[in-house]
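>>> The following block contains a protein sequence and its predicted model.
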Amino acid sequence: MLVAAAICPCPPLLVPEVAAGAAPELEALRAASFDAVGVLAAARPDRLIVIGPAEQTGRGPHPQGAVGSFRGFGVELEVPLGAVSPGSPRVERELPPSLTVGAWLLSRTEWADAPVEGLGVGEPLTRDRCLPVGREIAASAARVALLVMGDGSACRSVKAPGYFDERAEAFDAGAARALGAADIAALTALDEELAFDLRASGRACWQVLAGAAQGAGLQGRLLREEAPYGVGYFVATWS
């Protein structure tokens, strides 16, 4: 059963070494993300799963110890997913960027000493497939916690990655309300085509969360909502 979830954004700029001189701009978002991950520790889960946007779903989970890298963003920084035992063989399959940011958050935060794995969720995955994935995750252990990575729309300004779209602000406001209220029905109802048009990478992951939270009775709290680069970033907790 799902006992806790932390919802965090996944821009590599969240990592100060990547952001460099722009790091202070995301300090509040970074601090809120650390606070959200702390909720996972308090829940004392038997299993912790990090999910995040990926190019495709279906390649299987990333095991504990899998490594992600920020080299593609100009920084010689690697981070493993969870604790790695001395002498453990290196996992060759690299984490996608979203899970790498999630692994970085875990590495900088005191969290529950539970087995960890990562799961990349293909951004085009339909609602009808997301919900069963979530239910399967929730049934995988007595106490499951989720670190859910993903961003809102990328169309909040003319300088945003997706340029300006007048629908973006309303979409993000609805997503923020649903995440802050742990509103499973509202997350399930998010428009897939609109999310695709607005380049909202978190939509599928949020709908996996909705499936996992069915019947769990969790309460939500929105810790942070902002769009500094024309991209919607949200931090929330469910517990």
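Here it is on my side, so go on.

>>> Need the residue closest to the centroid of the chain.
residue 149 (0.8 Å; Cα atoms, centre = their mean).

>>> now that one, nearest residue through space, not along the chain?
residue 52 (3.5 Å; Cβ to Cβ, 6 or more residues apart in numbering). For the C-beta atoms, the positions are set from N, CA and C on the backbone; glycine is no exception.

>>> and the lowest-mean-pLDDT helix or strand in the chain, C-alpha only, in CSV?
Using mean pLDDT, DSSP states H and E, the weakest-scoring helix or strand in the chain turns out to be helix 16-19, at a mean of 93. Below are the C-alpha coordinates for helix 16-19, written out as CSV (Å, rounded to 0.1, in the frame of the first residue of the first chain):
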residue,chain,number,x,y,z
PRO,A,16,23.6,23.6,-8.0
GLU,A,17,26.7,22.3,-9.9
VAL,A,18,24.6,22.3,-13.0
ALA,A,19,22.9,25.6,-12.4
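
>>> list the buried ones in the longest helix belonging to the chain?
Looking across the chain with DSSP state H, the single longest helix is helix 27-42. Buried residues in helix 27-42, defined by neighbour count with 16 or more other Cβ atoms under 10 Å: 29-30, 32-37, 39-41.

>>> From residue 184, how far off is residue 126?
17 Å (Cβ to Cβ, to the nearest Å).

>>> what's the farthest-apart pair in the buried residues of helix 27-42?
Spatially, the most separated pair among the buried residues of helix 27-42 is 29 and 41, at 19.8 Å (Cβ to Cβ).

>>> Quick one: the strands in the chain, in order.
2-8, 47-54, 67-69, 78-80, 116-122, 144-149, 220-226, 233-238 (DSSP state E).

>>> Low-confidence stretches in the protein?
The model of the chain has pLDDT under 70 over residues 56-59, 87, 111-112.

>>> Do I have it right that residue 157 meets residue 164?
Yes: with contact defined as Cβ atoms under 8 Å, residue 157 reaches residue 164; the gap is 5.7 Å.

>>> who's more crowded, the two?
residue 157 (18 against 13; other Cβ atoms under 10 Å).

>>> Who are the contact partners of the more buried one?
Contacts for residue 157 were tallied using Cβ atoms under 8 Å, 6 or more residues apart in numbering; they are 164, 227, 229-230.

>>> Next one: it from residue 108, what distance?
29 Å.

>>> residue contacts, the closest residue to residue 178 other than its chain neighbours?
Closest residue to residue 178 apart from its sequence neighbours, by Cβ to Cβ, 6+ apart: residue 186 at 3.7 Å. Applying Cβ under 8 Å, 6+ apart, we find residue 186 in contact with 174, 177-178.

>>> Residue 205: how many residues sit nearby?
Neighbours of residue 205 using other Cβ under 10 Å come to 29.

>>> That one touches residue 51, doesn't it?
Yes: using Cβ under 8 Å, residue 205 is in contact with residue 51, at 5.2 Å.

>>> intersection of neighbour lists for the two?
121, 148-149.

>>> Quick check: phi and psi on the closest residue to residue 202 other than its chain neighbours?
Of all residues not flanking residue 202 in the chain, residue 150 sits nearest, at 2.3 Å (Cβ to Cβ, 6+ apart). Main-chain torsions, residue 150, degrees, to the nearest 10: phi 160, psi 150.

>>> got a list of what residue 150 touches?
Contacts of residue 150 (Cβ under 8 Å, 6+ apart): 7, 9-10, 52-53, 98, 200-206.

>>> between those, which is closest to residue 238?
When the contacts of residue 150 are compared for distance to residue 238 (Cβ to Cβ), residue 7 wins out at 7.5 Å.
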